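> coordinates only, sequence not included:
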Ligand SMILES: *[C@@H]1O[C@H](CO)[C@@H](O)[C@H](O)[C@H]1NC(C)=O
């Protein structure tokens, strides 16, 4: 009986910690909106969103251009190399009270997404997290962006460490293979 109670207690503790870890995603201190805009390359992605695993093996590096909009928010246009064409995706990101923390919606799936710039030095790399805030299941994505197509290995290690801390596994990580396809569209 005692053993059973102990096990239940541990299960409850782990459940609690899963919840506390979720609300605990950091944001780059002193985040500066005007420095994050511009063109980025997707260096790596870690995700457990339902679309990730089925598509993982086909994913290649894509470009994303972030701009400020007239209403004071952001728009992101990404160009994804598909088998024979470049697929353009546009997302509007709305600011929140906290600089570096944004909100978007994925209309196709009806998901509300909390978006955070976890860490960036603006000139070299940016690590961004996305997590849905509605629906029964919680999905997480971590994307590592670079101003160029390559980043220092320490930054990839930092990305991997952070992704694993968010509860993602090695199978959820894709280092994007470089391609020349669609790189100059944006
Ligand atoms: C990644 O995690 C390892 C093991 O915990 C640690 O030794 C290393 O310093 C971390 N690296 C970075 C760049 O965060």
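Everything's here; your move. Predicted model, so just to flag it, every value in this text is computed and none were measured.
> residue contacts, the spatially closest residue to residue 95 that is not a sequence neighbour?
On the basis of Cβ to Cβ, 6 or more residues apart in numbering, the spatially nearest residue to residue 95 that is not a chain neighbour turns out to be residue 73, at 5.6 Å. All C-beta atoms are positioned from the backbone trio N, CA, C, and that covers glycine. In this structure, residue 73 makes contact with 92-95, 102, judged by Cβ atoms under 8 Å, 6 or more residues apart in numbering.
> In those residues, find the pair that's most separated.
Greatest spatial distance in the contacts of residue 73: 92 and 95, 10.8 Å, computed using Cβ to Cβ.
> Give the residues shared as contacts by the two.
With contacts taken as Cβ under 8 Å, 6+ apart, residue 92 and residue 95 have 73-74 as neighbours in common.
> which stretches of the chain form strands?
Under the criterion DSSP state E, the chain carries strands at the ranges 38-47, 63-68, 74-81, 86-95, 101-106, 111-120, 125-132, 140-146, 173-175.
> Give me the buried positions along the fifth one.
This means strand 101-106. Neighbour-count burial for strand 101-106, with 16 or more other Cβ atoms under 10 Å as criterion, is recorded at 101-102, 104-105.
> related to what we said a few turns ago, so which of the contacts of residue 73 is the closest to the ligand?
Top of the list for closeness to the ligand, among the contacts of residue 73 and by Cβ to the nearest ligand atom, is residue 102 at 24.3 Å.
> what's near enough to touch the closest one?
Contact criterion Cβ under 8 Å, 6+ apart gives 73-74, 93-96, 114-116 as the residues in contact with residue 102.
> Swap in 10 Å and give it another go.
The neighbours of residue 102, taking Cβ atoms under 10 Å, 6 or more residues apart in numbering as the test, are 27, 33, 73-74, 76, 91-96, 113-117, 128, 130.
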